[in-house]
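A.B. asks: for reference, the sequence and a predicted model appear below.
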Amino acid sequence: MLESIGRKTLAVDVDGDGDPVIFLHGLGSTSNVWEPQVMHLRDRFKTIRYDLEGAGRSPLTGPLSIESWVADLSALLDKHSISKANFVGHSLGTLILQHFAAAHHERVTKLAFIGVNRAPPEARRAAVRERVAKVRAEGIPSIAPTVVKGGVSPHTFATKPEIVGFVRELLLRQSTEGYAACCEAMAASNAADIGKITCPVMVIAGDDDAISPPANGSAFAAELANGTFKSIEKCGHWHPIEQPAAVNTILRDFL
């Protein structure tokens, strides 16, 4: 449902009861990517998932940045009277959570990073900005085939057409300007001071993830004060829906 969060309107879904778990989706995605995890965890946890500003059902109200998304997350916790929670992020959501946890460590119990995303190198920034220009000129359908095929594993692409279709639908349901603004915010992002993150952190990678390869995840986990790393077979960058059972088991055991 749509909620007033600070001065914005965000699409927020709440399920279950218990200790809170907050889910943040990635670029070109929505909170619906978390459906398998919510169904698996809501018997023991209060799950809260929402569309980031500019994504899905949450309208774009102005310029976006990692800082604005962090502020939205803080406002969401305040709105729901949550002083401390567990957090699960996917891709871009992990970058937002790195900055949030570094700035608000007192509000974090545990973190799970799936397909970890760090501030992009210059080549990646340039590629994302080129994508923005193409989207604004030709629309999201012009990039969809490349983004979709490059995001899922060969196994998913060959054997799970329904997942490929869902990823395509998630992307095509974005507004053109909202998606472009999200891309620009990611391209302009800076690295978080992960040395300030001392809570338990689970880092999950897909063996076939070409966007955030397992080596990225294992190196990231090794830099953390309390990090653990796990990799999932036959999994690309859309872990929550490509291999939901494996993700669910890891999250439930960790949380």
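C.D. replies: That came through fine. Residues are numbered from 1 along each chain as shown.

A.B. asks: next, count neighbours for Thr146.
C.D. replies: Neighbourhood size, Thr146 [other CB atoms under 10 Å]: 11. C-beta coordinates here come from the backbone N, C-alpha and C atoms, glycine included.

A.B. asks: next: Ala245.
C.D. replies: With other CB under 10 Å as criterion, Ala245 counts 10.

A.B. asks: quick one, strands of this structure?
C.D. replies: Under the criterion DSSP state E, the chain contains strands at 2-5, 8-15, 19-24, 45-50, 85-90, 108-114, 201-206, 227-232.

A.B. asks: tell me the contacts of the residue nearest to Cys199 when sequence neighbours are not counted?
C.D. replies: Of all residues not flanking Cys199 in the chain, Val108 sits nearest, at 5.2 Å (CB to CB, 6 or more residues apart in numbering). Shown in contact with Val108 (CB atoms under 8 Å, 6 or more residues apart in numbering): 84-87, 100-101, 197, 199.

A.B. asks: again, only using 10 Å
C.D. replies: By CB atoms under 10 Å, 6 or more residues apart in numbering, the contact list for Val108 reads 22, 84-87, 97, 100-102, 197-201.

A.B. asks: Ala221 too?
C.D. replies: 113, 116, 201-205, 227-230.

A.B. asks: show the pLDDT at it.
C.D. replies: Ala221 is assigned a predicted lDDT (pLDDT) of 98.

A.B. asks: with Pro240 instead?
C.D. replies: 98.

A.B. asks: quick one: it from Ala112, how far?
C.D. replies: With distances taken as CB to CB, to the nearest Å, Pro240 is found 11 Å from Ala112.

A.B. asks: overlap of the contact sets of these two?
C.D. replies: With CB under 10 Å, 6+ apart as the test, Pro240 and Ala112 both reach 23, 37, 88, 90, 204, 247, 251.

A.B. asks: closest to Ala185 among the residues you listed?
C.D. replies: Using CB to CB, His90 is the member of the shared contacts of Pro240 and Ala112 that sits closest to Ala185, with 16.1 Å.

A.B. asks: residues touching that closest one, list them.
C.D. replies: 23-27, 29, 33-34, 37, 97, 112-117, 204, 212, 237-241, 247.

A.B. asks: just give the nearest non-adjacent residue to Ile82, would you?
C.D. replies: Nearest non-adjacent residue to Ile82 (CB to CB, 6+ apart): Pro20, at 5.2 Å.

A.B. asks: how about the contacts made by the spatially closest residue to Ala225 that is not a sequence neighbour?
C.D. replies: In space, and not counting its chain neighbours, Ala225 is closest to Thr198: 4.7 Å by CB to CB, 6+ apart. Residues counted as contacts of Thr198 (CB under 10 Å, 6+ apart) are 101, 105, 108, 224-226.

A.B. asks: switch to 7 Å and redo it
C.D. replies: 105, 225-226 (CB atoms under 7 Å, 6 or more residues apart in numbering).

A.B. asks: adding pLDDT, write the residues you listed out as a markdown table.
C.D. replies: Below are the contacts of Thr198 laid out as a markdown table (pLDDT from 0 to 100):
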| residue | pLDDT |
| --- | --- |
| His105 | 95 |
| Ala225 | 94 |
| Asn226 | 97 |
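
A.B. asks: for Phe229, give its distance to Ser83.
C.D. replies: 29 Å.

A.B. asks: can you get me a residue count around the spatially closest residue to Ser218 that is not a sequence neighbour?
C.D. replies: Distances taken as CB to CB, 6+ apart place Phe229 nearest to Ser218, at 4.8 Å, with adjacent residues excluded. Phe229 has 19 neighbouring residues, counting by other CB under 10 Å.
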